[in-house]
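Chemist: Just to be clear, the model below is a prediction. Sequence and coordinates:
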Amino acid sequence: HTWSLGDAIDLSQRCAVPVVYDTLHHLLHNPYGLSPAMALGAALDTWPSGRRPKIHASSPRLNVQVDPHPRTARVLLPRWQEHSDLLHPRDLLEAILPGRSYDIMIEAKAGDLAVLHLRKQLSRIAPREQGAVA
């Protein structure tokens, strides 16, 4: 939460290391007000030709949890900095930049189950885009 995408791109230019765009990190710390598409494009531009870019897509945890310790028995409110069990389809659709080719790593606590659930959701709400996410 200390470094923004702009900071990472500046460092990338100095060190010749590509930037891996992360949807959740950009949501949490975006001091320049870059849209997801602008931020994604800027990060992809740091990758040299011949190397397939990679990005991370995740959603913030929004569910309320109950503390498992019987003595405390309190409700734990969500913290946006934590990854969700699943990926909201909107967060994946914002990570698609038409005309660009790159790999998307899904960061979700439910692992493969999250990917299977996401594919099912995409087939309902965005069937045309599902082909772009293979």
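Modeler: Nice, thanks for sending it over. Note that the coordinates shown come from a computational prediction; the quantities given were computed from them, not determined experimentally.
Chemist: contacts, neighbours, all on C-alpha from now
Modeler: Noted.
Chemist: For this structure, just list every one of the strands.
Modeler: For the chain, the strands defined by DSSP state E occupy 21-22, 54-57, 65-66, 75-76, 103-106.
Chemist: Which residues outside the third one are in contact with it?
Modeler: Counting contacts by C-alpha atoms under 8 Å, 6 or more residues apart in numbering, the residues outside strand 65-66 that touch it are 73, 74, 75, 76, 77, 78.
Chemist: Please convert these to a markdown table, extending it with distance to residue 26 and neighbour count.
Modeler: Formatted as a markdown table, these follow (distance: C-alpha to C-alpha, whole Å; neighbours: other C-alpha atoms under 10 Å):
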| residue | distance to residue 26 | neighbour count |
| --- | --- | --- |
| 73 | 34 | 10 |
| 74 | 31 | 12 |
| 75 | 28 | 11 |
| 76 | 24 | 12 |
| 77 | 22 | 12 |
| 78 | 18 | 14 |
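Chemist: what residues are up against the most centrally placed residue in the chain?
Modeler: In the chain, the residue lying closest to the centroid (C-alpha atoms, centre = their mean) is residue 57, at 2.3 Å. Taking C-alpha under 8 Å, 6+ apart as the criterion, residue 57 is in contact with 22, 23, 24, 87, 91, 92, 95, 104, 105, 106, 107.
Chemist: list the contacts for the residue lying closest to residue 54 once chain neighbours are set aside?
Modeler: Leaving out its chain neighbours, the residue that sits closest to residue 54 by C-alpha to C-alpha, 6 or more residues apart in numbering is residue 103, at 4.7 Å. Residues in contact with residue 103 (C-alpha under 8 Å, 6+ apart) are 52, 53, 54, 55.
Chemist: out of those, which are buried?
Modeler: Neighbour-count burial within the contacts of residue 103 applies to 53, 54, 55; the criterion is 16 or more other C-alpha atoms under 10 Å.
Chemist: and stretch 8-23, how far apart are its ends?
Modeler: Chord length of stretch 8-23, first to last residue, is 14 Å (C-alpha to C-alpha, to the nearest Å).
Chemist: Now the lengthiest helix in the chain: average pLDDT?
Modeler: Scanning the chain for the helix with the most residues, using DSSP state H, yields helix 112-125. The pLDDT scores in helix 112-125 average 92.
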